[in-house]
Every structure is written in structure tokens, then in C-alpha cells.
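1. how does the following fold in three dimensions:
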Amino acid sequence: MISFIVPAHNEEALIGRTLVALHEAARVVGEPYEIRVVDDASTDRTADIARAHGACVVSISRRQIAASRNAGAQAAMGEHFIFVDADTVVSPEVIRAAVRSLRRGTVGGGCLFRFDGDVPLYADVLRRLAGPVCRAIGLTGGCFLFCTRRAFLAVGGFNESLFAAEELAFAQQLKRQGRFVILPECVTTSGRKVREHSALEIFSTLGRLALHETNAFRRREGLELWYGPRTSG
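-> Next up, the predicted model:
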């Protein structure tokens, strides 16, 4: 069975379309599945919308993406874990490819992405560059990740000392367990970050984080790109 694990904080504007796409994709692929939405300290209707769309809701109050993903995995019943961000829309093709990859012996993987709607030119250029870079280094962002239950347990899940970049650390750990793949199929994720923040804001934040290496990811302060207020997208 596939367990879709969706971490969410104040995502009432976008989580409905994410869940509809998950249901539709899983039904087309024809696999048994469940959806676990981890509602992490939301103050809006995220949990109600998730239940209305047939998801099982896990409630925590950590305000941390790694902890949300781990809580969802702990509650999950399936042997295949697929982590999907609450603002990300999947297709049957990417779900089918992920399941096929796991059945052929990979321990996990990710995929490429595109932004929804119009985004600034710099963001579109970066997205286009991201494909070759992701394939070259064998890593990708966290909006869509998948792994086997066995591999997840073997690496101890996501590192809860990290408030960002936890998906990269997780993928590196998975690679030590076996083959980790980057699928050519794409998901569609919200471009709200690049629409709300200027190129200067984004690159200055990323540059500051790079200079401080992983220590900067061990506290929520300074990570407003990930932990700032949610918008309609």
C-alpha cells in the first residue's frame, strides 16, 4: 500500500487541490493507498479541509517540517511512503514511476518540479537549471520524495534538529541504504515563495545559510522563506 504523507501548516488555500490530485492519481494507478495529512499547529481550516477530502489527520504542535513528516510516517500503514508538500500537485505518471522504481529495488527518490502560474524570470531560469543539476548530484527538493518503509526506518527518518534542508540530509542518508533516483517526471508546486520575495531576498537568505552551513538550519529564526505566513499561493 502507498502512504501519502502531507505535512501542512495553514494550508487551507491549497491543500484541497493537492488532495484531489493525490486521490485521482492513485485511482488511475490502481494501487491501494491512504493519505495522512499532518496538521502542524494550523490556525485555519487545514484539518477540516483535509478530512473533507478523505484524509486521515495527524495533529501535532511542533511547527517543524521534519517533525511533521516523521509524525506522518509513524502513523502510516503502507510499505511505500510518498511525501508530498501541501502546495504540490502530482500526476498519475509520477506516482506510477515512483511505485515502479521502488518495486525494482530502489530505496527512494525524488523528481523534478515546475511552478504553477506566472513566476519572475529569474525563478523560471533557476527552475530550468535545476533539472540538470538535480540529476548530476542525485538530489532534489522536498516537495515530492518517496522511499520504502524499511529504508525510512533504517535511517531514522528526517533529522528533527534541522528546520530546513532536512530533505537533503534525508536523501543523503537514503543513498547509504541503496539506490536513490531522480525521476524525469515532474510535479507542479506553488510558486508563491518566488512571487512574494524578491531575487535579492531569496539569494541573500540562501547565501547567508550557505556561509553558516548546517548550523543556520538548526533554528527557525532566519528561515522565513519556509516558516513565514502562508498566503493564497
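
2. in its sheet, what does the top strand by length along the chain sit against?
-> Counting residues, the longest strand found in the chain (DSSP state E) is strand 180-189. The partner list of strand 180-189 in its sheet, established with DSSP bridges, is strand 88-89 (antiparallel), strand 108-115 (parallel).

3. could you check that strand and say which residues are buried?
-> F180, V181, I182, L183, E185, C186, V187, T188, T189 (16 or more other C-beta atoms under 10 Å). Quick note: C-beta positions are derived from backbone N, CA and C, even for glycine.

4. which stretches of the chain aren't confidently modelled?
-> 134, 203, 205-206, 208-214, 216, 222-227, 230-233 (pLDDT under 70).

5. where exactly do the strands run in it?
-> Using DSSP E, strands in the chain cover 2-8, 33-40, 56-60, 80-84, 88-89, 108-115, 144-148, 180-189.

6. how far does the third one sit from its chain's centre?
-> This points to strand 56-60. 17 Å (C-alpha atoms, centre = their mean, to the nearest Å).

7. residues contacting the residue most central in space within the chain?
-> What sits nearest the mean C-alpha location of the chain, by C-alpha atoms, centre = their mean, is C143, with 2.8 Å. By C-beta atoms under 8 Å, 6 or more residues apart in numbering, the residues touching C143 are V84, D85, D87, T88, F113, V187, T189.

8. and the gap between it and G131?
-> C143 is 14 Å from G131, where distance means C-beta to C-beta, to the nearest Å.

9. which strands or helices does the helix ranked longest in the chain pack on?
-> What stands out as the longest helix in the chain, according to DSSP state H, is helix 121-137. Helices and strands touching helix 121-137, by 3 or more C-beta pairs under 8 Å, 6 or more residues apart in numbering; DSSP states H and E, are strand 108-115.

10. strand 144-148 and the strand it packs on, what's the angle between them?
-> Here strand 108-115 runs at an angle of 170 degrees relative to strand 144-148 (axes from the mean of the first three to the mean of the last three C-alpha atoms, to 10 degrees).

11. for strand 108-115, the distance to its chain's centre please.
-> The answer for strand 108-115 is 9 Å, by C-alpha atoms, centre = their mean.

12. quick one, what contacts the closest residue to Q173 other than its chain neighbours?
-> Counting by C-beta to C-beta, 6 or more residues apart in numbering, Q173 lies nearest to V155, which is 3.9 Å off, once chain neighbours are set aside. Counting by C-beta under 8 Å, 6+ apart, V155 makes contact with F170, Q173, L174, R176, Q177.

13. what about the spatially closest residue to the third one that is not a sequence neighbour, neighbour count?
-> Translated: L174. Nearest residue to L174 in three dimensions, chain neighbours excluded: G108, at 4.5 Å (C-beta to C-beta, 6+ apart). Close neighbours of G108, defined as other C-beta atoms under 10 Å, add up to 28.

14. partners of G108 in the sheet?
-> Going by DSSP bridges, G108 forms beta bridges with C147, F180.

15. how far does stretch 184-198 stretch from one end to the other?
-> End-to-end distance for stretch 184-198: 29 Å, by C-alpha to C-alpha, to the nearest Å.

16. repeat that for stretch 150-167.
-> Terminal-residue distance, stretch 150-167 (C-alpha to C-alpha): 17 Å.

17. same question for stretch 81-99.
-> Note: stretch 81-99 ends 10 Å apart using C-alpha to C-alpha.

18. chain center to it: distance?
-> For stretch 81-99, the distance to the chain centre is 9 Å (C-alpha atoms, centre = their mean).
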